[in-house]
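>>> fold the following, please.
(4 chains)
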Protein chains: 2
Amino acid sequence: MLDDRKKKILASVVEDYITSAEPVGSKTIADKYNLEYSSATIRNEMKILEESGYLEQPHVSSGRIPSSKGYRYYVDNLMKSKKLSMLDINYINNSITGYGDTEDLFEQVADTVSKLLNRPTILTMKNEDVLESIKILKISDKILLVILMSENGTIKDVIAKLTDTIPDDSVRDLSKLLNTNLQGTPIEKLYNVLSTIISKELKVYSSVLEKICEGIRYEISGENKLVSSNNLKSILDLPEFADIEKAKNFLNMLSTKNAVDTVIEEISSKNLGIVIGSENQEIMLKDYSIISLNLTNDEGYIGKISVVSPKRIDYSKTVSTLNYINEKVKNIFSKDK
Amino acid sequence: MLDDRKKKILASVVEDYITSAEPVGSKTIADKYNLEYSSATIRNEMKILEESGYLEQPHVSSGRIPSSKGYRYYVDNLMKSKKLSMLDINYINNSITGYGDTEDLFEQVADTVSKLLNRPTILTMKNEDVLESIKILKISDKILLVILMSENGTIKDVIAKLTDTIPDDSVRDLSKLLNTNLQGTPIEKLYNVLSTIISKELKVYSSVLEKICEGIRYEISGENKLVSSNNLKSILDLPEFADIEKAKNFLNMLSTKNAVDTVIEEISSKNLGIVIGSENQEIMLKDYSIISLNLTNDEGYIGKISVVSPKRIDYSKTVSTLNYINEKVKNIFSKDK
DNA sequence: TATTAGCAGTCGATTAATTAGAGTGCTAAA
DNA sequence: TTTAGCACTCTAATTAATCGACTGCTAATA
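Below is the predicted model of the structure:
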């Protein structure tokens, strides 16, 4: 669609703008990137690129910045994949240790990505996760620790503070009962299923079970989402946030649940999903991009990492980082086998 | 020290400034607060208050704002205690449920305070907490869940992924061994104690123990501190952060570990500690105040809530809120008995 | 003697006017 | 088809002018 020269110019504009955050002029392109054309030629081409929607001009006597369409073309056709620096690789290897359960791992991943890319990162866990088994541990006469293990490898524990003491064999009894009744239940439905069971069948232990149920509701808040934004101060250092209103707008958008979530859900089908600026349905997101990668292990999809950023971000580095992390996660899972 | 009229004027200036965030002029005081003096008289008094360091003037033709000394005098001598609104009381009662272990409770407290006062809140747990007992649960052939219970009532679990399978009686053995060796160990020394024990004595299980040890290090990061800043967007709405540099400075200060921590540690002796602006040793904190209250239960000190804010904050409401929360926490602990 | 009315003076904040400079679009020549 | 060159545009930075809130001081008043 675009001829060779236009491609080169568009790529240069995008790459320059990604690092400088300033509108890019024809002279800059001619000087800094050794294209063989004069600034006048580039000027003409840029005008055409603008007319066809790849570039835009903040005002008539300024340089150009990429439009959402421009970034899109760049990402789809022009972007070269980047190797991660040794520094970054080391950082990843040191900070994603694989300690703990799946949720711990996800937390490490979110923190690492957020730190490396200096952007808020959202981690969504596969939400078809299902209960594998329950263990109950009597901590004291009146306190039970209920441990939920999911197929995914997540371990949650729920504390139930009882009103009466409970004998040891009741605990064993209860444990069997819960396992037979709840095995295979989707984690996020646990509360509902258990509470209907209580009201219908398990009258014997209803007082204890209610405490457990309450605990489950508290512990499993329904949203299997994890947001990490390491070092907010340095995120606000991005030039797009020089205006505090922009910064507040960004923070606001992040804390508006639905905004980002719907986008992330919609791109779930593809492995790598990049949604740029105005491509977002949600108007709140029109200046931001979301770059999202499915995490997989041997058994398939386990969750998703999503980076949220102003449109201006090093897409190539972001993708490389996410891919590397996915490999890392795969390794950890297969090592645990 | 200050005569009655000066006290009234100082109180009015502080209270007006707390709500308006604008330097307060003599006319404002004369009109809004029905003191019986003319603006000229107030002007004269304000000048004296300034000369003795209670007020300061951003520039010569502006109103006055309280200095750190002024706030201090207000807090110590002039401030009237405020009743919490029913709205606030309800909010507290609904959001501090007492579910879970002590750490969950602290988290609820931090979130609630942060939300009510719209300020970042730091919760420090008593760090003389000591291990009460350990339980080990075999989750699968190669995964152990090690549960640490402290005297304080905190429950932590550590996952140990083993390299080899472990028989059931070894688990029991191990459990006894750990209990006899570690009971009474301060939580934050657990890692060190365990690792020296491994190297010296418990050679038999050393491979398993190392995994556990690793887990403990990860889980108990040494800092028993919890920071909550609900809804950052609305904190940035404070007029002191109209300038983004100020906002970044604040965020930076918060993430600089030592800055706030040393202050909080130093005020540990008293029950209620208020450190205002320049009273802080640390220069980073010169524009901020820290209001900190010791939480107690029947057995005494269990931790501390600290609110971090620009100097301008409703000290009275803050203190009332913290006191109410302390009562609430006491109730929860005594109910659990 | 203590208080107050009144007024000149200060200084930040706002608005308007000026200038500088980066970058464009277009024309005409190569 | 490309490019040199120039007139033109518009932002950003600078300077100047004005406004207004508030003070400090003086002199009159209670």
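>>> per-domain residue ranges of chain A.
With domains defined by automatic domain parsing, chain A comprises A:4-78, A:86-126+A:224-336, A:131-219.
>>> does DNA strand D sit close to the second one?
The one in question is domain A:86-126+A:224-336. No. For domain A:86-126+A:224-336 and DNA strand D, the contact criterion (CB under 7 Å from any atom of the strand) is not met; the two come no nearer than 10.4 Å. For every residue, glycine as well, the C-beta is placed using N, CA and C.
>>> still on that earlier bit, mind putting the domains of chain A into a markdown table with mean neighbour count and distance to residue B:179?
Formatted as a markdown table, the domains of chain A follow (neighbours: other CB atoms under 10 Å in any protein chain shown; distance: least, CB to CB, whole Å):
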| stretch | mean neighbour count | distance to residue B:179 |
| --- | --- | --- |
| domain A:4-78 | 17 | 57 |
| domain A:86-126+A:224-336 | 18 | 23 |
| domain A:131-219 | 17 | 14 |
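>>> DNA strand C is nearest to which of those?
With CB to the nearest atom of the strand as the measure, domain A:4-78 is the member of these nearest DNA strand C (3.1 Å).
>>> for the closest one, the distance to its chain's centre please.
30 Å (CA atoms, centre = their mean, to the nearest Å).
>>> pLDDT-wise, which helix or strand of chain A ranks last?
Within chain A, confidence by mean pLDDT, DSSP states H and E is lowest for strand A:225-228 among all helices and strands, at a mean of 81.
>>> neighbouring contacts of it?
With contacts defined as CB atoms under 8 Å, 6 or more residues apart in numbering or on different chains, strand A:225-228 is touched by A:103, A:106-107, A:110-111, A:113-114, A:120-125, A:254, A:261.
>>> repeat the analysis, applying 6 Å as the threshold.
With CB atoms under 6 Å, 6 or more residues apart in numbering or on different chains as the test, strand A:225-228 has contacts from A:106, A:110, A:111, A:114, A:121, A:122, A:123, A:124.
>>> ok, back up a step: now the domains of chain A in CSV, with distance to residue B:136?
Converted to CSV, these look like this (distance: least, CB to CB, whole Å):
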stretch, distance to residue B:136
domain A:4-78, 50
domain A:86-126+A:224-336, 16
domain A:131-219, 10
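>>> and those domains: which comes nearest residue B:333?
domain A:131-219 (11.6 Å; CB to CB).
>>> sorry, back to before: is chain B contacted by the helix or strand following the least confident helix or strand of chain A?
Following strand A:225-228 in sequence order, the next helix or strand is helix A:232-236 (DSSP states H and E). Yes. Judged by CB under 6 Å from any CB of the partner chain, helix A:232-236 comes into contact with chain B at A:232, A:233, A:236.
>>> for helix A:232-236, name the packing helices and strands.
helix B:244-255 (3 or more CB pairs under 6 Å, 6 or more residues apart in numbering or on different chains; DSSP states H and E).
>>> the helix it packs on near DNA strand C at all?
No. Helix B:244-255 lies out of reach of DNA strand C by CB under 7 Å from any atom of the strand, never closer than 13.5 Å.
>>> still on that earlier bit, and of the residues of helix A:232-236 next to chain B, the nearest to DNA strand D?
Closest to DNA strand D, out of all of the residues of helix A:232-236 next to chain B and judged by CB to the nearest atom of the strand, is residue A:236, at 19.5 Å.
>>> longest helix in chain A, please.
Ordering each helix of chain A by length in residues (DSSP state H) puts helix A:315-336 first.
>>> that one: how far from the chain's middle?
Worked out by CA atoms, centre = their mean, helix A:315-336 lies 13 Å from the chain centre.
>>> and residue A:55, backbone torsions?
Dihedral pair for residue A:55: phi -120, psi 160, per degrees, to the nearest 10.
>>> show me what contacts it?
A:49, A:64, A:70.
>>> ok, and the closest non-adjacent residue to it?
residue A:64 (4.1 Å; CB to CB, 6 or more residues apart in numbering or on different chains).
>>> please determine how far that neighbour is located from residue B:248.
30 Å (CB to CB, to the nearest Å).
>>> from residue A:236, how far off is residue A:119?
12 Å.
>>> contacts only, for residue A:297.
Residue A:297 makes contacts with A:330, A:333, as judged by CB under 6 Å, 6+ apart.
>>> so whatever residue of chain A ends up closest to DNA strand D: helix, strand or coil?
Nearest residue of chain A to DNA strand D, counting by CB to the nearest atom of the strand: residue A:61, 2.7 Å away. Look at residue A:61: counting by DSSP: H, G, I helix; E, B strand; the rest coil, its state is coil.
>>> in contact with the nearest residue to residue A:146 once chain neighbours are set aside, which residues?
Nearest residue to residue A:146 in three dimensions, chain neighbours excluded: residue A:158, at 4.4 Å (CB to CB, 6+ apart). Going by CB under 6 Å, 6+ apart, residue A:158 touches A:146, A:215, A:216, A:219.
>>> state the pLDDT value of the closest residue to residue A:253 other than its chain neighbours.
Excluding its sequence neighbours, the residue lying closest to residue A:253 (CB to CB, 6+ apart) is residue A:284, at 5.0 Å. Looking at residue A:284, its pLDDT is 93.
>>> try the one 3 residues further on
Each residue has a pLDDT score; the one for residue A:287 is 96.
>>> same thing with residue A:122?
94.
>>> now the strand or helix carrying it, how far from the centre of its chain.
In the assignment (DSSP H and E), residue A:122 maps to strand A:121-125. On the basis of CA atoms, centre = their mean, strand A:121-125 sits 3 Å off its chain's mean C-alpha point.
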